[in-house]
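heads up, no residue letters with this:
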């Protein structure tokens, strides 16, 4: 095959992957809490939030350092071009998914040939776990995609047992830096956990040392370092909060949500990639190396890659499904090497694609938890000088769909000493308040301040759960609109207001 035909085929396959992932990206409302939260963080950074354009992530006007900024930057770029909408808010997830598919396809195209590489990409693209993840605005798919690029670039760099390809090594360290900017320290921990033991098992310890080339480390520091240095310079508690609390304490402690047993991911990964695991009826170690493989130890790499990721995230008690998306590329590659040896994929692949589309269609129809209807009504009523108040909930998607220019007041029990003990929206706001106490005092109101809502320069709009009964201290409150999952009310101006 000529080089021009190779690139023509690759472009066609990867272009089709992009069309498949983009076609339904904006058809459903943002899901809560993740999509509403992260989509609005990007929107606030785009419109300017008082901390420097595009540098400091903010959650309802308060610095939000749960995660680094790469996904927000990608979503901001999409919003700048396409406007603030659900499609743009999911752009970072699309980029991660496309990178995962493209990196896996191109690597397997080199190592095992075009046909098995293309079929493997089809297996990956029609896994419900992959497809829904590509349509979901949070950081897991982006970091999974960049980690896949990182691992495969490192493998390409050490493909020859006798040398290290510096160009691929620099590309790997660049991708590693982006993975850190996508989700923190796992961007460097997971690649080392995957590649180190794999090389050691082959007696190639010298290549591990050569991977630490000064130029590669320089690229990593130059790309990943500046944002973290700048945040620590501006916020004295940043390093302790981001690295110690959000990484080490969160990994070791048990006081977070979504507690599951150790074997949780072992059951979840096959279940979420059906029907393709049904082809893997024999032990994974029996999966044959591709006939034309140019990479010795390809199967052992894929097996260990999956084990390392699943094992790492199985250690903490708190487990979210999206955490093991970095195991999806090796898992689907193993499946693809088996599936490609038969012909049943010709009818299973379109059937699996229909299932993926049905899942997205179902989510679009049900729109579970969405407040878009209330937000759109609020957008037609809210005027400059008006106040928007969230009653005892974050309502993450309301600022996004209502295009709020100023942070909403959040009325809740902020004086409750148990807030730090619960991993929920209150803790997120309370953590953010630590970095800007003066702004937090204007945004986070305790319940005893409800009476102050009667007086203001403009209208006061309340967003509350359905069935909410305002306290008497709030004065007269008029219902405006009742949506599927929330209601919009207006506080009447008090007669005793100045």
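Noted; the coordinates are in hand. Nothing here was measured: the structure is a model prediction, and the numbers come from that model.

give the buried residues for stretch 371-386.
Burial within stretch 371-386, assessed by neighbour count using 16 or more other Cβ atoms under 10 Å, is assigned to 371, 372, 373, 374, 375, 377, 378, 382, 386. For glycine as for every other residue, the C-beta is placed from the backbone atoms N, C-alpha and C.

not counting sequence-adjacent ones, nearest residue to the fifth one?
Here the nearest residue to residue 375 in space, its sequence neighbours aside, is residue 401; by Cβ to Cβ, 6 or more residues apart in numbering that works out to 3.4 Å.

which SS class is the one you found?
Under DSSP: H, G, I helix; E, B strand; the rest coil, the three-state class of residue 401 is helix.

roughly how far does it sit from residue 410?
Residue 401 is 17 Å from residue 410, where distance means Cβ to Cβ, to the nearest Å.

just the strands in the stretch 51-200 of the chain please.
58-59, 62-63 (DSSP state E, counting those that start in this stretch).

can you list those in CSV and add mean pLDDT and mean neighbour count?
Compiled in CSV, the strands of the stretch 51-200 of the chain are given as follows (pLDDT from 0 to 100; neighbours: other Cβ atoms under 10 Å):
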stretch, mean pLDDT, mean neighbour count
strand 58-59, 94, 24
strand 62-63, 95, 24
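
pipe those into CSV and attach distance to residue 98 per row.
CSV is the format used below for those (distance: least, Cβ to Cβ, whole Å):
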stretch, distance to residue 98
strand 58-59, 27
strand 62-63, 30
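
between those, which gets nearest to residue 16?
Proximity to residue 16, assessed across the strands of the stretch 51-200 of the chain by Cβ to Cβ, is greatest for strand 58-59 (37.0 Å).

that older thread, which one's more surrounded, residue 401 and residue 410?
More neighbours surround residue 401 than the other of residue 401 and residue 410, with 26 against 23 (other Cβ atoms under 10 Å).

list the contacts for that one?
Residues in contact with residue 401 (Cβ atoms under 8 Å, 6 or more residues apart in numbering) are 30, 371, 372, 375, 376, 379.

tell me what residue 446 is bridged to.
According to DSSP bridges, the residues that bridge with residue 446 are residue 412.

that one is in contact with residue 414, isn't it?
Yes - taking contact to mean Cβ atoms under 8 Å, the distance of 5.1 Å between residue 446 and residue 414 places them in contact.

centroid residue for the chain?
Within the chain, the residue whose C-alpha comes closest to the C-alpha centroid is residue 139; the distance, by Cα atoms, centre = their mean, is 1.5 Å.

look up how far residue 387 lies from that residue.
Note on residue 139: its distance to residue 387, by Cβ to Cβ, is 31 Å.

the nearest residue to residue 474 once chain neighbours are set aside: how many residues sit nearby?
For residue 474, the nearest residue in space outside its immediate sequence neighbours is residue 450; the separation is 4.7 Å by Cβ to Cβ, 6+ apart. Residue 450 is flanked by 20 other residues according to other Cβ under 10 Å.

do the same with the one 5 residues further on
Here the neighbour count serves as a burial measure; for residue 455 (other Cβ under 10 Å) it reads 14.

thanks a lot, catch you later.
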